[in-house]
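In: Could you look at this predicted model? Sequence included:
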Amino acid sequence: MNSQRPARVVVLISGGGSNLAALLAASDEPGYGAQVVGVGADRHSAAGLALAAERGIPTFVERVGDHVERADFDRALTARVAELEPDLVVSAGFLKLVGADFLAAFAGRYVNTHNSLLPAFPGMQAPADALAHGVKVAGATLFVVDEGVDAGPIIAQTVVPVLDDDDLDTLTERIKVAERAQLVDVVGRLARDGWRVRGRRVVIGTADEALR
């Protein structure tokens with residue numbers, strides 16, 4: 001983004017944090033352009049919290065069950081993330097939908113990765129759906145989150161072949177490897193070069209109108 005400081009990134013997780021680990025490793029590289037300044041989770045058992053704590057990165061847990069209304073959870077999550085003053089918020093296996101308050105606060109700055117070539121196969125069973133449909137290629141999509149489910153403007157996509165002898169485990173693992181590499185690469189590009197959302201298009205490298 002042609003900035004003197006790294007982009008501030010908050011990562012949201014629900015589990016083990018393999019994508020988080022990849023982002024943390026990338027941020028150690030000179031010139032990557034992004035720094036993880038906080039990690040949030042929706043459960044205390046998320047193993048990725050320990051990865052952040054080991055590096056002295058602030059962490060927090062905001063559970064849906066601790067709030068009377070879902071909107072209360074959304075407001076609390078929004079406040080927690082906003083305290084960290086992020087330039088970009090990354091959902092890296094975060095299994096909770098955010099609401100209107102969160103989307104308003106981080107419009108155009110909240111991104112998610114999904115294990116299909118959207119708009120094909122949204123939802124939680126994407127690799128299984130791809131296999132059942134008999135597609136010849138699968139992959140992963142990085143997109144800007146909006147009010148839909150896996151429906152926001154697409155930032156980048158990566159393609160993997162579906163082999164004749166694939167089962168759910170082999171295809172899922174092949175997608176995960178490609179998905180992780182794409183996430184690391186594109187978050188770095190967003191941080192270094194800037195981006196803007198123009199309707200359904202996300203354009204990277206437009207410094208004059210870049211977010212941040």
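Out: Sure thing, it's come through.
In: longest helix anywhere in the chain?
Out: Longest helix in the chain by number of residues (criterion: DSSP state H): helix 168-193.
In: For that helix, buried residues please.
Out: By neighbour count with 16 or more other CB atoms under 10 Å, helix 168-193 contains the buried residues 171-172, 174-176, 178-180, 182-184, 186-193. Using the backbone N, CA and C atoms, a C-beta is placed for each residue, glycine as well.
In: Name the strands paired with the helix or strand that it is followed by and say parallel or antiparallel.
Out: Toward the C-terminus, helix 168-193 is succeeded by strand 195-198 as the next helix or strand (DSSP states H and E). Take DSSP bridges as the rule and strand 195-198 pairs in its sheet with strand 201-204 (antiparallel).
In: just how off-centre is the strand it pairs with within its chain?
Out: The chain centroid and the centroid of strand 201-204 are separated by 16 Å, computed with CA atoms, centre = their mean, to the nearest Å.
In: From the rest of the structure, what touches that strand?
Out: Residues outside strand 201-204 that contact it (CB atoms under 8 Å, 6 or more residues apart in numbering): 143-144, 153-155, 186, 189-190, 193-196.
In: how about a cut-off of 10 Å?
Out: By CB atoms under 10 Å, 6 or more residues apart in numbering, the residues outside strand 201-204 that reach it are 108, 111, 142-144, 152-156, 186, 189-190, 192-197, 209-210.
In: what does stretch 163-183 give?
Out: Against stretch 163-183 from outside (CB under 10 Å, 6+ apart): 18-23, 26, 90, 92, 111-117, 125-128, 130-132, 136, 138-142, 155-162.
In: I'm done for today, thanks for sticking with me.
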